[in-house]
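Enquirer: Quick one: sequence plus predicted model below, questions after.
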Amino acid sequence: MYQQIMLVGNLGGDPELRHTPSGDAVASFNLAVNKSWTGQDGQRQAKTTWFHVAAWRKQADTVSHYLHKGSKVLVVGELEEARLWTDRDGKARASLEVTAQTVRFVGGRSDDGTSAADEPPPAPGSAAGVTAEDMPF
């Protein structure tokens with residue numbers, strides 16, 4: 001069996017680059033995927049789902065060099081497991097673990113040379129009351 005997940009979202013913080021004892025590079029980052037809709041009552045609603053993504057080897061080096069907090073990316077990968085944790089208010093939360101097969105940078109360059117990914121994300125987690133700082137990893 002094989003399963004694949006495709007995500008588009010914003011990094012909740014700068015990627016963290018580490019190396020395994022065998023020398024393989026691994027970059028980890030949190031990805032906020034935002035969804036918004038209008039409810040039956042006409043009120044605008046929003047939800048943020050957090051994913052903990054691991055990119056390996058050469059892709060890890062590229063991710064750690066070019067991406068930073070707020071960068072918008074497309075991640076194609078394999079869903080590994082759910083990580084359960086408790087937020088500051090004592091509420092049970094979950095984050096999903098993904099091993100990236102492909103990480104694509106979303107957004108182009110503007111006239112001043114900055115990337116569209118240089119702009120901060122549209123308040124990920126604000127609707128759910130959870131921010132990247134609340135996450136234990």
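Expert: Done, it's in. Numbers count the residues shown, from 1 in each chain.
Enquirer: Bridged to the closest residue to residue 9 other than its chain neighbours, which residues?
Expert: The shortest distance from residue 9 to any non-neighbouring residue, by Cβ to Cβ, 6 or more residues apart in numbering, is to residue 33 (3.9 Å). All C-beta atoms are positioned from the backbone trio N, CA, C, and that covers glycine. Beta-bridge pairing of residue 33 under DSSP bridges involves residue 49.
Enquirer: Let me see the contact set for residue 33.
Expert: For residue 33, the contact set (Cβ atoms under 8 Å, 6 or more residues apart in numbering) comprises 7-9, 48-51.
Enquirer: Spit out the contact partners of the most centrally placed residue in the chain.
Expert: Nearest to the geometric centre of the chain sits residue 31, at 0.8 Å (Cα atoms, centre = their mean). By Cβ under 8 Å, 6+ apart, the contact list for residue 31 reads 7, 9-12, 50-53, 73, 75, 98.
Enquirer: Could you dump the residues you listed into TSV with secondary structure and pLDDT added?
Expert: Listed next are the contacts of residue 31 as TSV, based on DSSP: H, G, I helix; E, B strand; the rest coil; pLDDT from 0 to 100:
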residue	secondary structure	pLDDT
7	strand	96
9	strand	96
10	strand	96
11	strand	96
12	coil	94
50	strand	89
51	strand	94
52	strand	95
53	strand	97
73	strand	96
75	strand	97
98	strand	96
